[in-house]
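Just to be clear, the model below is a prediction. Sequence and coordinates:
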Amino acid sequence: MKMNTLAQLVRVLLGVAGVALVLLGIAFWTGHASSLIPVHAAIGLLFVVCLWVLSILGLKAGVNRRLVAFVFIWSLAVPIVGAIQMLLLPGAWHWVVQVTHLLTGIVAMYLGALLHKRISLAIS
Ligand code: HEM
């Protein structure tokens, strides 16, 4: 598969997964669908793997290495906060983890889109 096609595919997957994660997250936040948390975590892992693929493509395409490294490190932070969240499900300070989780996720969506843009520019 050509690099451009793969990058495009991953970008679409990232977008669809991101929207699904936020929608599920809103449902959890409003006290619904908590039985779907494992589905959310699985989609979350897919989302993170997409960021890894983009990081590899970024390296191959010669995108700024600092940006690639930052996206990769961020992609590790997202599931770590998600896992902490699962451990800390009850508790008075849970909202802090929830907000941190939402923000790390939103920043990750932005970083994925940015890296994809840089890859497209680098290989066009
Ligand atoms: C491997 C990655 C991920 C894991 C393991 C994970 C896990 C979780 C868990 C366990 C909850 C708990 C619900 C609760 O505390 O009530 C949650 C909620 C949520 N997740 Fe994720 N998640 C992941 C990725 C993402 C990403 C990438 C996004 C956004 C793009 C996201 C957005 C949300 C939102 C908005 C909520 C509801 C509010 C909140 O708790 O922050 N998640 N997630």
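In hand now; what should we look at?

moving C-terminal of the helix or strand hosting Thr5, what's the next helix or strand?
Using DSSP states H and E, Thr5 sits within helix 3-29. With elements assigned by DSSP H and E, the helix or strand that comes after helix 3-29 is helix 37-61.

Please name every helix or strand in contact with that next one.
helix 3-29, helix 65-87, helix 94-123 (3 or more Cβ pairs under 8 Å, 6 or more residues apart in numbering; DSSP states H and E). (Each C-beta comes from the backbone N, C-alpha and C, glycine too.)

Same list (these) but as TSV, adding mean pLDDT, distance to the ligand and mean neighbour count.
Shown next, in TSV, are those (pLDDT from 0 to 100; distance: least, Cβ to the nearest ligand atom, whole Å; neighbours: other Cβ atoms under 10 Å):
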stretch	mean pLDDT	distance to the ligand	mean neighbour count
helix 3-29	96	2	16
helix 65-87	93	2	15
helix 94-123	95	2	16
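
relative orientation of the helix holding Thr5 and helix 94-123 in degrees?
Here the directions of helix 3-29 and helix 94-123 differ by 170 degrees (axes from the mean of the first three to the mean of the last three Cα atoms, to 10 degrees).

on contacts alone, who are the packing partners of helix 3-29?
Against helix 3-29 (3+ Cβ pairs under 8 Å, 6+ apart) you get helix 37-61, helix 94-123.

Dump the helices and strands packed on helix 37-61 to TSV, plus distance to Leu46.
TSV is the format used below for those (distance: least, Cβ to Cβ, whole Å):
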stretch	distance to Leu46
helix 3-29	5
helix 65-87	11
helix 94-123	12
